[in-house]
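Engineer: my questions are about this predicted structure, shown below with the sequence.
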Amino acid sequence: MRITTNAARVHREYRKRIAAWEAGLRAGLRNIAIAVERGATARLSGPGTAASGTYPVPVRTGYLRRAMGIEVATRSSATFNSAQYAGPIHNGLRPYGNPHARMVPGRAFLDDAVAAIEPADIMQTALAKVW
């Protein structure tokens, strides 16, 4: 039995397959980031009449929801909130300088959004399109 190969053709085929896998990986990372962003935005959409410290976070001005964003790189993606007060809302806050002020509990909207999705399933769906 004799096998003949064309190195240039094999190289082109591997390059095409690598490009398809990288596109699928990027699409999966993007879909994961979007799913987290949607979940976090939903958790930031409480009624404006809700009390401070309640969850979901009440909408006062809408800026906290508008400050949500995503970044997708070649091998990673990030979902973030750029509002200055996103950290204290997410992690909680102890008012400084007032020993009698009560602790405001955190509403971990990003952590809860990540916990609510299945990143592996989202990535598998994206990669199945290029398989």
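Structural biologist: Structure's in. What do you need?
Engineer: so which helix or strand takes in R26?
Structural biologist: Assigned by DSSP states H and E, R26 belongs to helix 7-43.
Engineer: got the buried residues for that helix?
Structural biologist: 24-37, 39-41, 43 (16 or more other CB atoms under 10 Å). Any C-beta I mention is one placed from the backbone N, CA and C, and that applies to glycine too.
Engineer: for it, packing partners?
Structural biologist: Under the contact definition 3 or more CB pairs under 8 Å, 6 or more residues apart in numbering; DSSP states H and E, helix 7-43 sits against strand 68-72, strand 77-81, helix 109-116, helix 119-128.
Engineer: mind running it again at 10 Å?
Structural biologist: helix 63-66, strand 68-72, strand 77-81, helix 109-116, helix 119-128 (3 or more CB pairs under 10 Å, 6 or more residues apart in numbering; DSSP states H and E).
Engineer: that helix - what's its average pLDDT?
Structural biologist: Averaging pLDDT along helix 7-43 yields 94.
Engineer: just how off-centre is it within its chain?
Structural biologist: 15 Å (CA atoms, centre = their mean, to the nearest Å).
Engineer: could you give the angle of that helix to helix 119-128?
Structural biologist: Interaxial angle, helix 7-43 versus helix 119-128 (axes from the mean of the first three to the mean of the last three CA atoms, to 10 degrees): 140 degrees.
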